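In: Test case, fold it:
(one chain, ligands or ions: 1)
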Amino acid sequence: MMRPPLLSPRTVALASLVAACLTAAPAFAQYDQPFQAGETPELTEKRKKMVKWLGESVKGITERTLGAFDAVPRHKFMKARDLKIAYDNKWAGIGYGQTITNPWMVAYMTHLLGIEEGMKVLEIGTGSGYQSAIISRLTTQTHTVEVVRALGERARGLHDNLAYTANIKHKLGDGYEGWEEHGPYDRIMVTCAADHIPVPLIQQLKPGGLMLIPVGPHFQKGNIYLVTKQQDGSIKRKVVATGTFVPLRRTDKFSDDD
Ligand code: SAH
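Out: Below you'll find the model as predicted:
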C-alpha cells in the first residue's frame, strides 16, 4: 500500500494561500476599488454608536429597523479610502459619479416605508447595494434595479457574498420603468431624483402601497415625496423631507470604465 506523501506545514500553508488567491481573483477583478475588509472590534463599536445615534435622531424608528443597521456592515459597501468615515453620517462616492446615501437618510426613508416581513419591496438605484441590504433584513422579497452596469454587478457580487442578502433580486436597466415582472409591490423606494413621479412606478404599486421618491432638479435640493396609492388607484402625496440625490437617468450614460 502506498503511503500518502507527507506535506510540511509550510507547503500546506502556501497551497492554501494560492487556492485562496485563485478563488478570490475572478471576483476581485470586477471590483473597481472594492473594500471587502473584514470586521474589526473598532468597526463593530463604530457601527453600534451609529445605530444608537440613529435611534435618537430618527423619530419613532423601531428596534427592528435599527437591528438591520446593526447587522449590515456599511463599510463593505464603500471604497477603501472611506473606511474611516463608514459609520459617520456622510455620503461617499462609489464610482461612476454615484454615491452611497448618508445613514440618517437611509434610516429615515426605511423607517417611513414601514417594511414588514413578507412585503414585496422594489428599490430603484441599487448603487452600492447598502440600502437593499438593509431592506433585505426586513423582508425576504427585495428587488433592486440599477442603470449603471458596473455598479449593479458590483452590488450583486457583494450581496452574494453576504449570506443574508442572497435573496435580493437584481436587475440592470432603467428603473423609470420599474420591474413589472415581479410587481405589484407593497413598497417602492427610489434613491435617485426624478423630475416627476414615473407612471410605471405608480402602476406597479399595490393599492394601499407606499412609495418614497425624491423629486427635484439635478444635484439640487429636492422634495422627498411619500406617495400613497388609494384603493381606487389614485395617489396622494406629501413632502416628508428635502434632500439632494443623484439624478434618475433615463439611459446609462456612464461607460463601464470611467
Ligand atoms: N441606494 C443606493 C444609493 C445610490 S445613488 C445606495 O444604498 O448606495 C442612486 C443610484 O441610482 C445610482 O447608483 C445611480 O446609478 C442609480 N440610477 C440613476 N438613474 C437610474 C435609473 N434610471 N434606473 C436605475 N438606477 C438609476
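
In: So the closest residue in space to Asn223 that isn't next to it in sequence versus Leu201, what's the distance?
Out: Using Cβ to Cβ, 6 or more residues apart in numbering and skipping residues adjacent in sequence, the residue nearest Asn223 is Val239, 4.5 Å away. In this view, the C-beta of every residue, glycine as well, is placed from N, C-alpha and C. Distance, Val239 to Leu201, by Cβ to Cβ, to the nearest Å: 17 Å.

In: Which one's more surrounded, the two?
Out: With neighbours defined as other Cβ atoms under 10 Å, Val239 and Leu201 compare such that Leu201 has more, 23 against 11.

In: wait, the more buried one sits on Ile188?
Out: Yes. With contacts counted by Cβ atoms under 8 Å, Leu201 reaches Ile188, the gap being 5.7 Å.

In: Give the residues shared as contacts by these two.
Out: Common neighbours of Leu201 and Ile188, counting by Cβ atoms under 8 Å, 6 or more residues apart in numbering, are Ile124, Gly178, Met211, Ile213.

In: which one of those residues is nearest the ligand?
Out: The nearest member of those to the ligand, counting by Cβ to the nearest ligand atom, is Ile124 at 5.2 Å.

In: Can you get me a residue count around the closest one?
Out: By the measure other Cβ under 10 Å, the count of residues near Ile124 is 27.

In: Count the neighbours of the closest residue to it other than its chain neighbours for me.
Out: Nearest residue to Ile124, sequence neighbours excluded (Cβ to Cβ, 6+ apart): Gly175, at 3.4 Å. Residues near Gly175, counting by other Cβ under 10 Å, number 27.

In: Check the one 3 residues further on too.
Out: Gly178 has 27 neighbouring residues, counting by other Cβ under 10 Å.

In: Report the contact partners of it.
Out: By Cβ under 8 Å, 6+ apart, Gly178 lies in contact with Leu122, Ile124, Val145, Ile188, Pro198, Pro200, Leu201, Gln203, Gln204.

In: how close does His143 sit to Thr191?
Out: Separation of His143 from Thr191 (Cβ to Cβ) stands at 13 Å.
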